[in-house]
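Asker: got a sequence here, can you model it:
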Amino acid sequence: MVPSLAYVIAGSEATGGAGFQVDLKTFQQLGVYGVGTLTCVVSFDPENGWAHRFVPIAPEVIADQIEAATSAHDLDVVKIGMLGTPATIDVVATALAAQPWRHVVVDPVLICKGQEPGAALDTDTALREKILPFATVVTPNNFEAATLAGLPGPLTTTDDLIAAAQAIRAQGPRHVVVKGGMDLPGPDAVDVLVDDDGVTVFSDPKIGDARVSGAGCTFAAAITAELAKGAAVPAAVRVAKDVVNAGIAARVSAHTPFTTVWQGAYSVN
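Answerer: Numbers count the residues shown, from 1 in each chain. Okay, the predicted model is just below:
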């Protein structure tokens, strides 16, 4: 049996708990052959409170990777993760415009950790203007959703999540999934999907009371993998939420001040 293909354009995170590493692990766990292009290298600094160190990859090297990946494989489903600089965003936007895509899943990393605030703002603006219009599915977290929607955050009710999703959808994406996360009060982890069919609410009991690294990357990557296999968006979101729940329950500890999602805890039925 030939596996479905999924492509990811994202940054590397050296501890294995987020970014490109998580994306490929999630694809593999869901039975999808992963192809990837690296945009930047992020590493935590254990001598400086585990702060982020950010190194962008040269735009021409990113373009070379994209050329190789799209020439070698017939790719039509892609996840866009951390891009990091306006120059990287320009290269990726050009690539997205160069061919038709069945699905473009955008995990909108609006805080480019390790950069100066001014550079981060320029990157955020470029992401909204040049990448978001290509999205068929966008998966902002609580903070990102409030920012994209132009609402004061954090979002604290399910109605807030829905309002943010509707405002973001008005900017072009066909499907918007807003993740309530730990910022949403109450015992449940609530995500909302807004699309042509209206509003779908996904709610499961929270697992613990601390953030777990890699949850957002895993969620968007799982949606991407399921879409590559032909699932409808609501079904893909349900699987993604199950993958994240299992991964948080079996989270991996390290010498870092945070734990990480274990993608291998989820089994495909």
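
Asker: can we go C-alpha only for contacts and neighbour counts from here?
Answerer: Fine.

Asker: to the chain's geometric centre, what's the distance from stretch 83-93?
Answerer: 16 Å (CA atoms, centre = their mean, to the nearest Å).

Asker: make that stretch 212-226, sorry
Answerer: 6 Å.

Asker: where exactly do the strands run in the stretch 101-250 of the chain?
Answerer: 103-106, 137-138, 175-179, 188-195, 198-205 (DSSP state E, counting those that start in this stretch).

Asker: same list, those, but as TSV with distance to Val212, mean neighbour count and mean pLDDT please.
Answerer: Formatted as TSV, those follow (distance: least, CA to CA, whole Å; neighbours: other CA atoms under 10 Å; pLDDT from 0 to 100):
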stretch	distance to Val212	mean neighbour count	mean pLDDT
strand 103-106	20	24	98
strand 137-138	20	27	98
strand 175-179	14	29	98
strand 188-195	13	22	97
strand 198-205	15	14	97
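
Asker: for the residue lying closest to Leu5 once chain neighbours are set aside, grab phi and psi.
Answerer: Using CA to CA, 6 or more residues apart in numbering and skipping the chain neighbours, the partner closest in space to Leu5 is Tyr33 (4.9 Å). Tyr33 has phi and psi values of phi -80, psi 120 when expressed as degrees, to the nearest 10.

Asker: quick one: residues contacting Tyr33.
Answerer: Residues near Tyr33 by CA atoms under 8 Å, 6 or more residues apart in numbering: 3-6, 27.

Asker: care to break this protein down by domain?
Answerer: As given by automatic domain parsing, the domain ranges for the chain are 1-135+212-258, 141-206.

Asker: how near is the closest residue to Asp196 other than its chain neighbours to Gly198?
Answerer: Spatial nearest neighbour of Asp196, chain neighbours left out: Arg174 (7.4 Å); criterion: CA to CA, 6+ apart. Applying CA to CA, to the nearest Å, the value for Arg174 to Gly198 is 11 Å.

Asker: just for the stretch 1-150 of the chain, where's the confidence low?
Answerer: Along the stretch 1-150 of the chain, the model assigns pLDDT under 70 to residues 110-120.

Asker: all the helices of it, residue numbers only.
Answerer: Remark: helices assigned in the stretch 1-150 of the chain by DSSP state H, counting those that start in this stretch are 19-29, 59-72, 86-97, 117-126, 142-149.

Asker: okay if I get the ones you listed as a markdown table plus distance to Val78?
Answerer: Converted to a markdown table, the helices of the stretch 1-150 of the chain look like this (distance: least, CA to CA, whole Å):
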| stretch | distance to Val78 |
| --- | --- |
| helix 19-29 | 11 |
| helix 59-72 | 11 |
| helix 86-97 | 9 |
| helix 117-126 | 19 |
| helix 142-149 | 20 |
